[in-house]
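Peer 1: return a 3D structure for these sequence lines:
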Amino acid sequence: AIFVGVPGPAPRAKLRRFYDLCGVGPSAAVEAVSDESDADDVVAPARDVAALAAYLERHSIDDASVRLHLYPCGGVERCVAYVEGLCSGNNS
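Peer 2: Alright, predicted model coming up:
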């Protein structure tokens, strides 16, 4: 199995702190807004999840062999709500 980890939904400021702690660069979605007044805006990994799905389809990879791990950077409850939305088709 292949495990792919992406940060779950979290405020931009919190994601930046996690990136600094882990020593990795922030994603384009986090850096898209440089105005600190938007630091509390929640960034969801919709683009990352959609990109993974498109990659799997384009390369005919069985999605049962790939596992998506969402790091609960914005809290477990927010992450669970996001996954429930994905399962019901309500998150884009």
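Peer 1: which is the next helix or strand following the helix-or-strand element of the chain with minimal mean pLDDT?
Peer 2: Here the helix or strand of the chain ranked lowest by mean pLDDT, DSSP states H and E is helix 28-31, holding a mean of 64. Counting by DSSP states H and E, the next helix or strand C-terminal to helix 28-31 is strand 42-43.
Peer 1: give me the sheet partners of that next one and which way each runs.
Peer 2: When sheet partners are counted by DSSP bridges, strand 42-43 sits next to strand 10-11 (antiparallel).
Peer 1: same question for the partner strand, mean pLDDT?
Peer 2: Average pLDDT, strand 10-11: 90.
Peer 1: how far does it sit from its chain's centre?
Peer 2: Centre-to-centre, strand 10-11 and its host chain are 10 Å apart (C-alpha atoms, centre = their mean, to the nearest Å).
Peer 1: give me the contact list for that strand.
Peer 2: Residues from elsewhere that reach strand 10-11 (C-beta atoms under 8 Å, 6 or more residues apart in numbering): 18, 39, 40, 41, 42, 43, 73, 74, 75, 78. (C-beta placed from N, C-alpha, C; glycine too.)
Peer 1: pLDDT score assigned to the nearest residue to residue 62 once chain neighbours are set aside?
Peer 2: Nearest in space to residue 62, with sequence neighbours left out and distances taken as C-beta to C-beta, 6 or more residues apart in numbering, is residue 56 at 8.0 Å. Turning to residue 56, the model gives it a pLDDT of 85.
Peer 1: just checking, residue 56 touches residue 67?
Peer 2: No - judged on C-beta atoms under 8 Å, residue 56 makes no contact with residue 67 at a distance of 11.7 Å.
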